[in-house]
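below are the sequence and a predicted model; questions follow.
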Amino acid sequence: MTNTGEHLETRDFPITSTGIKRAITWGGRRTGGDVNTLWVVEGTSSYGAVRTGTVTDAGCTVTETPCGYAKIGATSPKTNPLNVQRMAVAARPVEAGKLRTHG
């Protein structure tokens, strides 16, 4: 999602070091290699810690998904692309100083 809120593209990558590095390369091609790109990761200190570490090691900043993010629940089919878009939408209006960032 761009800073204007435009959704450009969604793609799935395996949650492995190689898959995450491919995601970083993919994101870099869409941002002109801008390391100031903010990555929104769910569970940065738990199940998302490997993603967080790999992305921050690449020089990018990661933020935990903000409170208020409405994860798809049992009443709706869970789709990762939809959850990812909701995470980005939840992070976008939060002031940078109020985001819990890593990196």
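Done, it's in. Numbering: from 1, shown residues only.

what's the distance between the closest residue in space to residue 37 that isn't next to it in sequence and residue 16?
Once flanking residues are discounted, residue 37 sits nearest to residue 31: 4.7 Å by Cβ to Cβ, 6 or more residues apart in numbering. Using the backbone N, CA and C atoms, a C-beta is placed for each residue, glycine as well. In this view, residue 31 and residue 16 are 22 Å apart by Cβ to Cβ, to the nearest Å.

who has more neighbours out of the two?
Using other Cβ atoms under 10 Å, the more surrounded residue of residue 31 and residue 16 is residue 31, with 14 against 11.

for this structure, which spans come out with low pLDDT?
1-7, 35, 68-79, 103 (pLDDT under 70).

how about 50 then?
Low-confidence segments of the chain (pLDDT under 50): 74.

can you give me the strands for it?
38-41, 61-64, 101-102 (DSSP state E).
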